[in-house]
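Student: have a look at this prediction, sequence included:
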Amino acid sequence: MKNLTSIAIILIIVVAFSSGLYFSGLGSSLFANSNEDENIDNINIGNWDYISSSEFDSIDINDTNANTLLSIQRQEDFDKGHIVNSINVPYYTSIDPYNGSGIINENLNSQLEQALPNYAAVIIVYGDYDEDCVATADSMLDLGYTNVKVLGGADNWLLSPYYVNLLQSDWQWMTEEELNSAIDTNSHTILDVRAIFNYDEKHVPGAINIDFYYSDITSIVPDYETPVAVYGNFDIDSEDVASQMASAGYTNVYAIGEYWRDMDNVVLGDQ
């Protein structure tokens, strides 16, 4: 009996001692976490902001002291057209000919720092695609830039009054009303320059799907005065093809904006 009593007393002592250590440790842990949170709150964590198309169009584009415009277009695309007063640091240096993907500029960070020495300046980033602009903005924060804004992909700035098309400009944008009229009256040859699987999923009524870059366009549109309307996956694709057709001598070329995707009369699938 005495042995059982002794064992019980020892167990009680061990449990009490362990509990004391546990709560003591818990308390220390709680206080430590509290201090860590306090330290995190005291850190000034940088971030970038989006700037909408309407906000961008309202700024004074000529006040280069207030805003620095950073294009991350490929140089050949920048040379075709860009927003006035922009600095260009390409996110992609070239396109992989086998899979069509962009090859990222290995010297992007060093070129950014060389082109943009003021780390506190308001810098507005734009390019062909939103995700590339976001990746560039993230890199800029890592480099120490503190006031970065993202305008984003071409659909956010291509129709801006500040955009300058540097190619032959004998083409124009077609409005949705004009496109519906062209569809109803069959007044234009409508070219879809996307991949065939995109065309099969959805396309403008009456559109002809072509691989513009590998097709003989004159076999499809032999008359250079034929009214032609073109569209691709993005506004910049439509603009590129329209510009090339105008440069080739076509005199009645229109580019269709991305609005066509949301039109009520688009053809879906096998319709």
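Tutor: Here it is on my side, so go on. Numbers count the residues shown, from 1 in each chain.

Student: what about D200, which helix or strand?
Tutor: In this structure, D200 sits in helix 196-201 according to DSSP states H and E.

Student: which element follows that helix toward the C-terminus?
Tutor: Following helix 196-201 in sequence order, the next helix or strand is strand 202-203 (DSSP H and E).

Student: that older thread, for the record, mean pLDDT for the helix holding D200?
Tutor: For helix 196-201, mean pLDDT is 92.

Student: which strand or helix spans D138?
Tutor: helix 130-143.

Student: which outside residues touch the helix or strand following that helix?
Tutor: Next in sequence after helix 130-143, counting helices and strands by DSSP H and E, comes strand 148-152. Contacts to strand 148-152, defined as CB atoms under 8 Å, 6 or more residues apart in numbering, come from residues 48-51, 53, 56, 122-127, 130, 133-134, 137, 140-141, 157. Where C-beta positions appear, they are placed from N, C-alpha and C, glycine not excepted.

Student: strand 148-152 pairs with which strands, parallel or anti?
Tutor: strand 49-50 (parallel), strand 123-126 (parallel) (DSSP bridges).

Student: just name the most buried of those strands.
Tutor: Of the strands paired with strand 148-152, the one with the most neighbours on average (mean count of other CB atoms under 10 Å) is strand 123-126, at a mean of 26.

Student: can you show me the CA trace of that strand as CSV?
Tutor: Only the C-alpha atoms of strand 123-126 are listed here, as CSV (Å, rounded to 0.1, in the frame of the first residue of the first chain):
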residue,chain,number,x,y,z
ILE,A,123,6.5,54.6,-62.7
ILE,A,124,3.6,53.4,-64.8
VAL,A,125,4.3,49.9,-66.4
TYR,A,126,2.6,48.8,-69.6
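
Student: quick one: contacts of it?
Tutor: Against strand 123-126 from outside (CB under 8 Å, 6+ apart): 51, 56, 67-72, 83, 86, 116, 133, 136-137, 140, 145, 147-153, 156-157.

Student: hmm, I236 and L158 touching each other?
Tutor: Yes: with contact defined as CB atoms under 8 Å, L158 reaches I236; the gap is 6.0 Å.

Student: before we move on, the earlier item: take the strands paired with strand 148-152 and lay them out in JSON lines including distance to E178 and mean pLDDT.
Tutor: Listed next are the strands paired with strand 148-152 as JSON lines, based on distance: least, CB to CB, whole Å; pLDDT from 0 to 100:
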{"stretch": "strand 49-50", "distance to E178": "31", "mean pLDDT": "94"}
{"stretch": "strand 123-126", "distance to E178": "27", "mean pLDDT": "97"}
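
Student: can you pull the contacts of H188?
Tutor: Taking CB under 8 Å, 6+ apart, one finds A182, P227, V228, A229, Y254 in contact with H188.

Student: that one and E178: what is the separation?
Tutor: 9 Å (CB to CB, to the nearest Å).

Student: also N47?
Tutor: Distance, N47 to E178, by CB to CB: 42 Å.

Student: ditto for G269
Tutor: 26 Å.

Student: just want to know which of the two has more residues nearby.
Tutor: Under the neighbour definition other CB atoms under 10 Å, G269 and E178 were set side by side, and E178 has more, 16 against 7.

Student: check which helix or strand covers the more buried one.
Tutor: E178 belongs to helix 176-185, assigned by DSSP H and E.

Student: now for that helix, which elements pack on it?
Tutor: If you count contacts as 3 or more CB pairs under 8 Å, 6 or more residues apart in numbering; DSSP states H and E, helix 176-185 packs onto no helix or strand.
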